[in-house]
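Chemist: structure for the following, please:
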Amino acid sequence: MTALLRLVLLLAGLAAAPAVAQDADGGPDGADGAPPARIVTLDWALTEQVLDLGLTPVGAPEIALYGEWAGDPPIPDGVADVGLRTEPNLERIAALEPDVILASDIDPALARTLDRIAPTHVFEAWSAEHDNVAAARDIYLRLADLFGRRPAAEERLAAMEARLDAIAREVAALDLPPKATVIRLNDDSTVWINGENSIPVHALSRIGLEPALDLPATRWGVTQRPMEDLAAVETGLLLAIRPHMGGAAAMAGPLWQALPAVAAGRFAEVPRVWSYGGILSVERHAEAFLTALEGLAE
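Modeler: The predicted structure is shown next:
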């Protein structure tokens with residue numbers, strides 16, 4: 001499979017559904033009104049959110065691929081794979097006898113089908129018309145309410161904010177340039193650049209760095225550009241989140257080596273982190289950025 005096709009399929013797991021989903025919420029989802037215990041998630045952001053609440057779903061999508069691209073929090077052994085994010089396996093889901101199914105931005109017809117298996121909650125997670133980070137926080141708290149974990153969730157969010165403050169102080173002490181551009185290498189000629197409305201740029205801002213490039217808000221917070229556009233990062237930092245796929249080979253090429261940030265030693269690779277995750281992925285990005293920035297400061 002080519003690198004471009006692989007990334008298209010990865011992003012298709014995010015982007016295949018319409019931007020506005022219908023909420024299929026019903027009444028009490030657990031037995032006798034108790035919080036639902038058997039949870040199926042249909043995308044990685046919701047999988048992260050559930051795991052971050054201290055819960056383990058009985059089913060989640062594309063588990064092996066999640067391990068390659070996200071990995072934190074890890075999906076425990078024994079969780080069933082329910083198929084593709086773009087095309088969940090309804091028979092597998094039904095066989096798990098879930099108490100609740102969680103999905104984001106899916107087609108209303110699919111939501112109605114899923115609701116016949118178990119009460120299905122559909123969230124609007126990704127849109128150019130709203131703040132994606134605020135939406136992720138709202139979804140986390142709504143899930144906390146659903147599962148009876150609101151106090152613990154609020155404590156965890158407060159802990160994240162405190163950690164972000166601490167990371168910001170550590171970054172300030174590194175005395176690095178105040179601007180940065182976060183990318184994912186796509187292939188040997190194009191990159192995905194994070195801009196407004198993305199979790200990575202929010203995390204950068206939260207730890208005291210500004211975007212080096214001014215990009216408009218998009219649904220996913222990323223814009224695909226030719227690699228040579230990175231030449232505009234003349235004085236700021238350039239951070240590339242792993243894994244790189246086919247774009248890794250481009251890093252040995254003359255175009256990449258001639259980029260100002262690369263030639264000046266202001267480029268760093270960022271440890272694996274999923275940029276389309278739940279609200280606590282803001283902290284995971286900040287930690288990954290800190291690791292990369294500490295390497296640049298050495």
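
Chemist: drop to CA atoms for contacts and neighbour counts, all remaining ones
Modeler: Noted.

Chemist: contacts for the longest strand seen in the chain next, please.
Modeler: Using DSSP state E to define each element, the chain has its longest strand at strand 179-185. Applying C-alpha atoms under 8 Å, 6 or more residues apart in numbering, the external contacts of strand 179-185 come out as 191-194, 200-201, 204, 209-213, 233, 235-248.

Chemist: okay, and which of those map to strands?
Modeler: The subset of these located in strands under the criterion DSSP E comprises 191-194, 210-211, 237-241.

Chemist: farthest-separated two in these?
Modeler: V191 and E210 (19.4 Å; C-alpha to C-alpha).

Chemist: settle it for me: which of these two has more neighbours?
Modeler: Counted by other C-alpha atoms under 10 Å, V191 and E210 do not tie: V191 has more neighbours, with 23 against 18.

Chemist: look up how far P254 lies from the residue lying closest to that one once chain neighbours are set aside.
Modeler: Nearest-residue entry for V191: L185, 4.6 Å, with adjacent residues in sequence omitted and distances by C-alpha to C-alpha, 6 or more residues apart in numbering. When C-alpha to C-alpha, to the nearest Å is applied, the distance between L185 and P254 equals 15 Å.

Chemist: try L84
Modeler: Between L84 and P254 the computed distance is 38 Å (C-alpha to C-alpha).

Chemist: got the buried residues for stretch 287-296?
Modeler: If you call a residue buried by 16 or more other C-alpha atoms under 10 Å, then stretch 287-296 has these buried ones: 287-293, 296.

Chemist: err, stretch 257-273, not the other one
Modeler: The neighbour-count check on stretch 257-273 (16+ other C-alpha under 10 Å) flags 259-262, 266-273 as buried.

Chemist: among those, which are located in strands?
Modeler: 267-270.

Chemist: now do the strands in the chain.
Modeler: Counting by DSSP E, the chain has these strands, from start to end: 39-41, 59-60, 80-81, 100-104, 120-123, 179-185, 190-194, 210-211, 222-226, 237-241, 267-270.

Chemist: let me see the contact set for L110.
Modeler: L110 makes no contacts at all, as judged by C-alpha under 8 Å, 6+ apart.

Chemist: do the same with A135
Modeler: Counting by C-alpha under 8 Å, 6+ apart, A135 touches 124-126.

Chemist: and with 7 Å instead?
Modeler: The neighbours of A135, taking C-alpha atoms under 7 Å, 6 or more residues apart in numbering as the test, are A125.

Chemist: how near is it to A159?
Modeler: Distance, A135 to A159, using C-alpha to C-alpha: 19 Å.

Chemist: also R284?
Modeler: According to C-alpha to C-alpha, R284 stands 13 Å off from A159.

Chemist: try G54
Modeler: Between G54 and A159 the distance, using C-alpha to C-alpha, works out to 15 Å.

Chemist: which strands border the longest strand of the chain, and is each parallel or antiparallel?
Modeler: Strand 179-185 sits in its sheet next to strand 190-194 (antiparallel), strand 210-211 (parallel), strand 237-241 (parallel), going by DSSP bridges.

Chemist: for V40, which of those is the nearest?
Modeler: Put simply, out of these the one that sits nearest V40 is strand 237-241, at 28.4 Å, with distance taken as C-alpha to C-alpha.

Chemist: how about the closest one: buried residues?
Modeler: Buried positions in strand 237-241, judged by neighbour count with 16+ other C-alpha under 10 Å: 237-241.

Chemist: A173: which of those is nearest?
Modeler: Within the set of these, L237 lies nearest A173; the separation is 15.9 Å, counting by C-alpha to C-alpha.

Chemist: wait, the closest one sits on L259?
Modeler: No: proximity of L237 to L259 does not meet the contact threshold set by C-alpha atoms under 7 Å, at 11.3 Å.

Chemist: having no further points to raise, I will conclude here.
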